[in-house]
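**Q** need a 3D model of the following:
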Amino acid sequence: MARVKFLGPAGAPFVGVETSLVREGEGKIGDMADMQRQTGMRMKDIQAELERNESFGFQVALFLTLRAAGHKVSFDTAGNFAEADLEIVEDPGDQRDDDAEDVPEAEDPTSAPTASGRGDVDAEEPTAAAPGARSRSRQQSPGSKKRSTSGS
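**A** Residues are numbered from 1 along each chain as shown. Okay, here's the model as predicted:
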């Protein structure tokens with residue numbers, strides 16, 4: 001999970017605090033209720049705004065993060081940070097949405113080879129028969145007639 005380090009604004013009680021970034025849906029119920037009261041928005045309206053406005057989503061995350069760290073900030077305060085006041089620290093295993101196109105697609109398990117670790121070969125793959133070995137399929141002799149499945 002990403003972490004955020006608060007570098008400002010100067011004099012704020014949370015300057016120097018580094019903590020896990022709390023995203024919408026991960027916040028405490030009381031903090032979510034305070035956010036609704038302060039914004040005058042219902043949760044469904046907050047959800048809709050999150051889908052339309054990335055900056056609003058970051059404000060929500062900062063509000064919930066500071067609240068979780070014990071700082072009773074207002075929603076307006078969470079929206080008044082300058083870019084220089086924050087440092088986002090990505091954990092090595094984190095995957096950001098905007099990097100999604102850089103991630104190789106997982107292979108389709110249905111297209112993977114079906115050979116097992118024992119050396120078995122997929123039935124669809126042709127195998128070389130030993131000299132003089134008979135094929136498992138029924139061979140047609142030169143004088144025989146191919147049978148019709150239609151009954152004629």
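**Q** tell me the contacts of the residue nearest to Gly79 when sequence neighbours are not counted?
**A** Nearest residue to Gly79 in three dimensions, chain neighbours excluded: Gln59, at 4.2 Å (C-beta to C-beta, 6 or more residues apart in numbering). Using the backbone N, CA and C atoms, a C-beta is placed for each residue, glycine as well. With contacts defined as C-beta atoms under 8 Å, 6 or more residues apart in numbering, Gln59 is in contact with Phe75, Ala78, Gly79.
**Q** again, 10 Å this time
**A** Contact analysis of Gln59 by C-beta atoms under 10 Å, 6 or more residues apart in numbering lists Met35, Thr39, Glu49, Leu50, Asn53, Phe75, Asp76, Thr77, Ala78, Gly79, Asn80, Phe81.
**Q** pull the contacting residues for the nearest residue to Gly16 once chain neighbours are set aside.
**A** In this structure, Gly16 finds its nearest non-sequential neighbour in Phe6, 6.9 Å apart by C-beta to C-beta, 6+ apart. Residues near Phe6 by C-beta under 10 Å, 6+ apart: 12-19, 62, 65-66, 69, 71, 81, 85-87.
**Q** ok, now Thr77?
**A** Pro9, Ala12, Phe14, Gln59, Leu62, Phe63, Leu66, His71.
**Q** so of these, which ones are in helices?
**A** Mapping the contacts of Thr77 onto helices (DSSP state H) picks out Gln59, Leu62, Phe63, Leu66.
**Q** ok, so of these, who is nearest Asp91?
**A** Closest approach to Asp91 among those (C-beta to C-beta): Leu62, at 17.9 Å.
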